[in-house]
Structures are given as C-alpha cells and as structure tokens.
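Engineer: quick check, what structure comes out for this input:
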Amino acid sequence: MQLVKPYAKMLSPFDLKQPFLPKDGEFMLERVEYFARVSHASEESITENSWDRFIRSVVLQHGDFSVIEHECISVEAVVDRGITHEWVRHRIGSYTQESTRFVNYQKKGGEARVIEPPFEHGEESRRDWMEAMEFAERKYMALLARGEKPQLARSVFPTGLASKIICTFNLRTWRHFFIMRTSAEAHPQMKEVTIPLLKQFKECIPILYEDIEPNQRQAVVMTKLR
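Structural biologist: Numbering: from 1, shown residues only. Model (predicted):
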C-alpha cells in the first residue's frame, strides 16, 4: 500500500509539461473582452490593456458573468474517492477519472494508492485506518489471484483509495466551485487541495477570483454567486 499526498494544479492550455502562467490567464481575459464587446459592437475600443478595466466594469461591477463562460481551464487533481464523489457533483463541467474498472492495481506497482485523512484524535485513529486500508488491499489482491476481474474486485476498496481526476470548468463555474469548496463548511480534505488551487487561480487570473476568501461561512460567501 502506498500513501500519496493529495494535490490539485492548473494545466497549461498550450503545453502540459509547463505550469499554467499568468500570461495564459491574461490571454484568456483578452479573449473574454473581445467576446463581450461583440454585443455592443465596440471591438474597435480594445487596446493592449483594456481587458482589465473592461472586465472589472462589465463583469465584476455590473455582474455580467455570462461572458466568462467562453473560457475554460482544466485542472489535474489526486484526491481520495470520497472527494471525487463531491467534486463531480458540480454539473457544468467535463471529467475524466482514473477508473477502478480498468486499472489493475496488482499490475500498477503491485499496491493500491491511498490518501490519509487529517485525523483529529492522534495515532490510534491513524492505526485503525491503516489496518482497514491494508485489509482491503489484501482482499483485493486475493480476489485478483482467484481470477476475478478488477471491475469486480474493486468493490472492497474504501473511499480512501487515491484517484487522479481531470476536471474542466468554464471560468464562471470555477468561481462557483471555489465559493462552495473553500468555505468554512467544506470537507477538510477538499479544502486541503482547493485552498492552494484557489491561490494558483488568484495568481494567474486575479481579477475574477481575488474577492474569494477561504474559510468564510457559506451563508456569507454565497452572496458572491451571480
């Protein structure tokens, strides 16, 4: 059994081997400005930096968030399957997830990958959890050895099983995602990846996400949904 650290990162729209850069976010916002200006036939007013003033005025101040739906960002994450179950409830998005039907963990390194929760009550909780993970892995391997297919043997795995997922949302849906999934009430293992991910978004696309602060009460932060 392999313990892995959860993470989430933005994927570059141009080169998957490179990180998502602020210039990539600026390129997206320039396109958003162009798309939005079509409605008023004001494309001739575009200048090198007009996107900043335009988006602050039209999108943030006037609330025309529909125009930012034209641009999308893909994120790669490794989280446990309990968190992926929550993540995919966000409906306006595209998902590709590591499949326990097709992945044979006996062939993929001979062990399952799991993510340890941030337990609040010390070593005894961690020991009980480790014993449960190891037992599930042994039974999974025993079923495979008996000739069962991975898609059936997988049923013994708990939600602690690690899973890689690719998620693509438009820029407006990412706002909704961060408002919901970085709030005070969000699952601690969700916030373990979403709060650092929000920081990445703020660094690369500051205009659209700079007003979202983690760990606010959901009743408060939901007022930012428009």
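Engineer: would you map the helices across the chain?
Structural biologist: Using DSSP state H, the helices found in the chain span residues 22-37, 50-55, 81-87, 122-145, 150-153, 171-181, 188-204, 206-209, 218-221.
Engineer: need the winner for burial among the ones you listed.
Structural biologist: The highest average neighbour count among the helices of the chain, using mean count of other C-beta atoms under 10 Å, belongs to helix 171-181 at a mean of 22. All C-beta spots, glycine's among them, are computed from the backbone N, C-alpha and C.
Engineer: for that one, packing partners?
Structural biologist: strand 72-80, helix 188-204, helix 206-209 (3 or more C-beta pairs under 8 Å, 6 or more residues apart in numbering; DSSP states H and E).
Engineer: and the helices of the chain as CSV, adding distance to residue 68 and mean pLDDT?
Structural biologist: Rendered in CSV, the data for the helices of the chain read as follows (distance: least, C-beta to C-beta, whole Å; pLDDT from 0 to 100):
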stretch, distance to residue 68, mean pLDDT
helix 22-37, 6, 95
helix 50-55, 8, 93
helix 81-87, 21, 97
helix 122-145, 41, 96
helix 150-153, 39, 97
helix 171-181, 4, 95
helix 188-204, 12, 98
helix 206-209, 6, 91
helix 218-221, 18, 82
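Engineer: quick one: closest of those helices to residue 75.
Structural biologist: For residue 75, the closest of those is helix 188-204, at 6.7 Å, according to C-beta to C-beta.
Engineer: the closest one vs strand 72-80, what angle?
Structural biologist: 150 degrees (axes from the mean of the first three to the mean of the last three C-alpha atoms, to 10 degrees).
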